[in-house]
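Asker: Using only what follows, build the 3D model:
(chains A and B)
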Amino acid sequence: MNQSVRVRFAPSPTGYLHIGGARTALFNWLFARQNNGVFILRIEDTDEARSTQESVDAILQSMQWLGLDWDEGPGRENSQYGPYFQMQRKDQGIYQKYVDQLIAAGHAYPCYCTAEEVESMRQKALAEKRNPKYDGACACLTPEQRARKSAEGRSAVIRYKMPGEGKLVLEDIIRGRIEFDNSSLDDFVIMKANGVPTYNFACVVDDHLMDISHVIRGDDHLSNTPRQIHLYQALGWTPPQFAHLSMIMGADGTRLSKRHGHTAVLEYRNDGYLPESMVNYLSLLGWSTEDSQQLFGHDELIQKFALERCSKSSGIFDVVKLQWMSGEYLRKKSAPELIAAFYGWLKATGREVIISGWDKALVEKTITLEQDKAKLLSEIPGLIDFFFTEKVEYKSEAVEKVFKTPTAKLVLEGSISKLTELSDFSAQSLEAFARAYAIDNAWKNGQVFHPLRVALSGRTQGPSLFHMMELMGREETVRRIKNCLTQFFA
RNA sequence: GCCCUCAUCGUCUAGCGGUUAGGACACAUCCCUUUCAAGGAUGCGGCAGGGGUUCGAUUCCCCUUGAGGGCGCCA
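Answerer: Now for the predicted structure:
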């Protein structure tokens, strides 16, 4: 397709990377990889009050967890296009240069109204249900008037001078043709009084200077786009292609926020979701194939993704489906992969203490045994912990349900000598023993299996009983049955 | 108040004038089974409303309604 695809994800470091941002990053990344293009990470830190290094770190970490590697950006500044932090670019005078150019060409002008004056005009208009757009008064100031305002000590912002008439047409890859009347747009600020560019301006300058071919972003930016296209035109540049993604909402259909659950990507990592499930799930939130395929391999997703097939309507983030998908990926893993993922999760979240003292070889065997049970990595410890405890914790409902049966005591007592004498303590042999044991005593299988299971694990649910016994070994198996008899049947 | 966008099962979605409106999650039932899962089968459930256009509209157009976004010296 396009031989020179260059796309970017441009977050502002004012908080953690949230689900919506991650989806935007993912779609950019998919598009870049699919077209052998370049994926750029640009940090838009022009909000000096709210930008933090902590946020930058969290964003980078989130991207890494998801496997969204960037070709240019923080840590990868080895190209002609850097730097990739806007405040650094500002320090190089990049934005000032184009502000000067716009002023010289009559496309921009200094405005001496203070933030307070503008804000009160805005509030007043809103209260009177009028359009709160800036009136453009400062555009008409003569050089003398400007000099006088300056002399009064008033600092100026720079505003783009919006043509009062005409239409602006946007051809969006996802949404098609959209028209905006210039008259509905006002003279927006492109540079703040402190010399820092505003979002709409910095974004345009950088996208152009970085040779961005496609701007793929959330549709909360749709209304910004006509302003930005005006800027491209005023600067004599060709705009990139635009693709506006629909928004991601919470379960009640309102904007995704904390009260809907986790919004930060890293919280899902901490909860034990597999990153590949998050990628797969997010890819389907706003995009689909013609056959509604659900699960995609890594390369398959890159190959099949299509910007043109992205949805125009917003979607609701459904954590239940994400859970299902995480389970799908968990189950598909080979034993070594699953173990590596589990240890990786413990390490990344600082929870190694959970398995301290546990026999590593046994951990790995028991995990495999319980693989079908877990959807999240975080569920694993609770599934296998009973293997590693000295003293079995008996769940009251298990005791109630299984030990209060008339045959439980007989079954357990009789099993001790049989298990001690059993020549082969393999799962297969154990199963043969248990079935024969039941038949010989005219018990149902369940009357034998259930008490044994509870005696060994303390719970009514768990892995295959005989594999469980095999892994515990004869000595531990017998020890637990004896302890159990003492504790509940003495 | 002005501007922009969107609208198919509860949720994610397929559909691009004629379909028994398909798939996935969730839910329910059954099967499998030593338990719990996993797996298999079946079921439940949808084109927001009203006008057009058309032989025929989920599909094209308009209106209504609803939802979301923007109108910051935030991004």
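Asker: Strands of chain A, start to end?
Answerer: Residue ranges of the strands in chain A, as given by DSSP state E, are A:6-9, A:38-41, A:108-111, A:157-160, A:167-172, A:176-181, A:189-191, A:214-218, A:241-245, A:248-249, A:315-316.
Asker: Those: which one's closest to A:Asp47?
Answerer: Across the strands of chain A, the minimum distance to A:Asp47, taken as Cβ to Cβ, is reached by strand A:189-191, at 13.5 Å. C-beta here means a position set from N, CA and C on the backbone, and glycine is covered the same way.
Asker: Off-centre distance for that closest one?
Answerer: Averaged C-alpha coordinates place strand A:189-191 at 32 Å from its chain's average position (Cα atoms, centre = their mean, to the nearest Å).
Asker: does any bit of the longest helix belonging to chain A sit next to RNA strand B?
Answerer: Secondary structure of chain A per DSSP state H: the longest helix is helix A:465-489. Yes - part of helix A:465-489 sits near RNA strand B under the criterion Cβ under 7 Å from any atom of the strand, namely A:465-467.
Asker: next one: stretch A:254-272
Answerer: Yes - legend: contact between stretch A:254-272 and RNA strand B by Cβ under 7 Å from any atom of the strand is shown at A:254-255.
Asker: Just list the residues touching the closest residue to A:Ile190 other than its chain neighbours, thanks.
Answerer: Closest residue in space to A:Ile190, ignoring its immediate chain neighbours: A:Phe201 at 3.7 Å, by Cβ to Cβ, 6 or more residues apart in numbering. Going by Cβ atoms under 8 Å, 6 or more residues apart in numbering, A:Phe201 touches A:95, A:98-99, A:160, A:190-191, A:231.
Asker: neighbours of the closest residue in space to A:Thr14 that isn't next to it in sequence, just the number please.
Answerer: With Cβ to Cβ, 6+ apart as the measure, A:Arg50 is the residue that lies nearest to A:Thr14, at 4.1 Å, once sequence neighbours are left out. Close neighbours of A:Arg50, defined as other Cβ atoms under 10 Å, add up to 11.
Asker: hang on, the earlier thing: report all helices and strands that the longest helix of chain A contacts.
Answerer: Other elements packing on helix A:465-489 under the criterion 3 or more Cβ pairs under 8 Å, 6 or more residues apart in numbering; DSSP states H and E are helix A:360-369, helix A:408-421, helix A:427-440, helix A:445-457.
Asker: Would you point to the one among those helices that's packed deepest?
Answerer: Mean neighbours per residue, mean count of other Cβ atoms under 10 Å, is largest over these for helix A:445-457, with a mean of 21.
Asker: if we can go back for a sec, most neighbours, which of the contacts of A:Phe201?
Answerer: For those, the largest neighbour count, defined by other Cβ under 10 Å, is 27 neighbours, found at A:Ile190.
Asker: In terms of pLDDT, where does it sit?
Answerer: As predicted, A:Ile190 sits at a pLDDT of 97.
Asker: Do I have it right that it meets A:Ala156?
Answerer: No - using Cβ atoms under 8 Å as the test, A:Ile190 is too far from A:Ala156 to be in contact (11.8 Å).
Asker: ok, A:Phe188 - how many residues close by?
Answerer: 18.
Asker: Over to A:Leu282?
Answerer: A count of neighbours around A:Leu282, defined by other Cβ under 10 Å, yields 23.
Asker: residues near the residue lying closest to A:Gln61 once chain neighbours are set aside, how many?
Answerer: Distances taken as Cβ to Cβ, 6+ apart put A:Leu266 closest to A:Gln61, at 6.6 Å, once the chain neighbours are dropped. In terms of burial, A:Leu266 registers 18 neighbours under the definition other Cβ under 10 Å.
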